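In: Provided below for reference: sequence and predicted model.
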Amino acid sequence: MKPLPPHLLRFLRKNDIDIKWFSKQAIESQRIPRFVWLPSLPPVLWNGYASDEKVQSSKTNAEAFLLANSGYRVDWTKNNLWAVPQHRTLSRHEMYKKGQMFGIDAASIFSVDILDPKPGDDILDLCCAPGAKLAVIADRMNHEGKLVGIDNCFKRLDVSTGIAKSLRLGSSHNDWSFSICHLDGAEMKDEMPIENIRWDHFSDVAYFRNSALPSSENELKVPRARNSKRFNQYIENCRHPISMLFDKVIVDTQCTHEGSIRHILKHLDADDSHWSPNILESLFEQWCEEAENLAQLQRKLIAKGFERLKPGGTLVYSTCSFCQSQNENIVQWLLSTHSAVLDPLVVSTSHSDTIEQRHRSSSVSGRSSTILPGTVYLDPIHSGTSGLFVARITKPYNIQKGDLTCNGLP
């Protein structure tokens, strides 16, 4: 393993993260396999009329392919998540291209498990880009309920809309509303204006309702140019401002990302302009100097997420950072300034000998925070995943109206 960059080391020291501990995590992270998620309804069958036999056949074929490539099922999650060796290249395979399998971080899957989406829920993903987590939430909702994804970064949001299109997350189901919107999550209002919607379920529905119902993936193509005006008009007629109160909210907030250790190590060998070692160095230097600005943004986002919760609702706050200032401190601030209640999380603290044994356990392995009990961390050594901090918070039913504002923001 290459030496850690100087500004990363400075960042770790400034945030009281033990460098020897972090280095051990970095070494273990290089052994973590790839993770692949299998959607419950593959997009190649998406037309609203796929038989149970076709769905099961697609799932069986994908699982057989992963088994043949030395894969195994990750048992601690409700989602159909698989692990395969790092050297296996899946993205070029036809099943991957058709959306029958999808690469995702296991830690992201865990945050969705904690949110526990169900059909009929109204759910907000406040920092949704790049969109893999959003896709899993839509799948768990079985295309029933209201799902809104919001992000303030156009480029990353375009990735989210691309995933939604490729996985055919639109639906003709009357009880399904799914929108991806460009907006600063810290500035949300009571309704989402139509002009902020970048993609929604009508974008897919318009095609299917204005053309012959497709019988195969080859027919899932962009409408002809001569029909585009009619399709766009159809979409605009269907759209309306979105009410911004939810049963469940997930705030996977902007952070310093040092918990994504394997990605950092990978980019230390890169020489492209976007993720070169020099770029990483400048990022960690910036995060050292602007820590309070980041913490202020995180406080605004978690407060806005809590404000958008219905009484009795659940908020999940997560980061891929190991920093107390971005994790426990943010949650403690919310608990002390709002009528928020911590819903304690429990993880297995038994550590199996191998990564596969950790993955095949019935409950996820991790470590409980000693600073704020009831919040938890995943990491390469304990969990066989990338780094994640997660907390679950509820809003009491008897909350007073005045508590819906972001009182206490600096």
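Out: Arrived safely, thanks for sending.
In: give me the number of residues near the closest residue to residue 327 other than its chain neighbours?
Out: In space, and not counting its chain neighbours, residue 327 is closest to residue 389: 4.2 Å by Cβ to Cβ, 6 or more residues apart in numbering. From N, CA and C alone the C-beta is placed, and that goes for glycine too. Counted with other Cβ atoms under 10 Å, residues neighbouring residue 389 total 28.
In: Against residue 111, how distant is residue 389?
Out: Relative to residue 111, residue 389 is positioned 10 Å away (Cβ to Cβ, to the nearest Å).
In: intersection of neighbour lists for those two?
Out: Jointly contacting residue 389 and residue 111 under the rule Cβ atoms under 8 Å, 6 or more residues apart in numbering are residue 318.
In: Just give the nearest non-adjacent residue to the residue nearest the centre of the chain, would you?
Out: Using Cα atoms, centre = their mean, the residue of the chain that lies closest to the mean C-alpha position is residue 133, 2.8 Å off. Across the structure, with Cβ to Cβ, 6+ apart as the measure, the residue nearest residue 133 apart from its sequence neighbours is residue 108 (4.7 Å).
In: could you list every residue that touches the one you found?
Out: With Cβ under 8 Å, 6+ apart, residue 108 has these contacts: 132, 133, 136, 252, 388.
In: circling back: tell me how far the residue nearest to the centre of the chain lies from residue 95.
Out: Here the distance between residue 133 and residue 95 works out to 21 Å (Cβ to Cβ).
In: Same check on residue 58?
Out: Residue 58 sits 9 Å away from residue 95, taking Cβ to Cβ as the criterion.
In: So which of those two has more stuff around it?
Out: Counted by other Cβ under 10 Å, residue 58 and residue 95 do not tie: residue 58 has more neighbours, with 21 against 18.
In: How about residues contacting the host helix or strand of the more buried one?
Out: Counting by DSSP states H and E, the secondary-structure element that holds residue 58 is helix 52-68. Outside of helix 52-68, the residues within contact range by Cβ under 8 Å, 6+ apart are 36, 38, 40-42, 44-45, 73, 80, 82, 84, 93, 95, 100-101.
In: Alpha carbons of the longest strand that the chain contains, as PDB, please.
Out: Determined from DSSP state E, the single longest strand within the chain is strand 309-319. The C-alpha atoms that make up strand 309-319 are tabulated as PDB, following Å, rounded to 0.1, in the frame of the first residue of the first chain:
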ATOM      1  CA  LEU A 309     -40.900  14.600   8.800                       C
ATOM      2  CA  LYS A 310     -44.500  13.900   9.700                       C
ATOM      3  CA  PRO A 311     -45.100  13.400  13.400                       C
ATOM      4  CA  GLY A 312     -44.200   9.800  14.200                       C
ATOM      5  CA  GLY A 313     -41.800   9.700  11.200                       C
ATOM      6  CA  THR A 314     -38.300   8.300  11.000                       C
ATOM      7  CA  LEU A 315     -35.100  10.100   9.900                       C
ATOM      8  CA  VAL A 316     -31.800   8.300   9.100                       C
ATOM      9  CA  TYR A 317     -28.600  10.400   9.200                       C
ATOM     10  CA  SER A 318     -25.500   8.900   7.700                       C
ATOM     11  CA  THR A 319     -22.000   9.800   6.500                       C
END
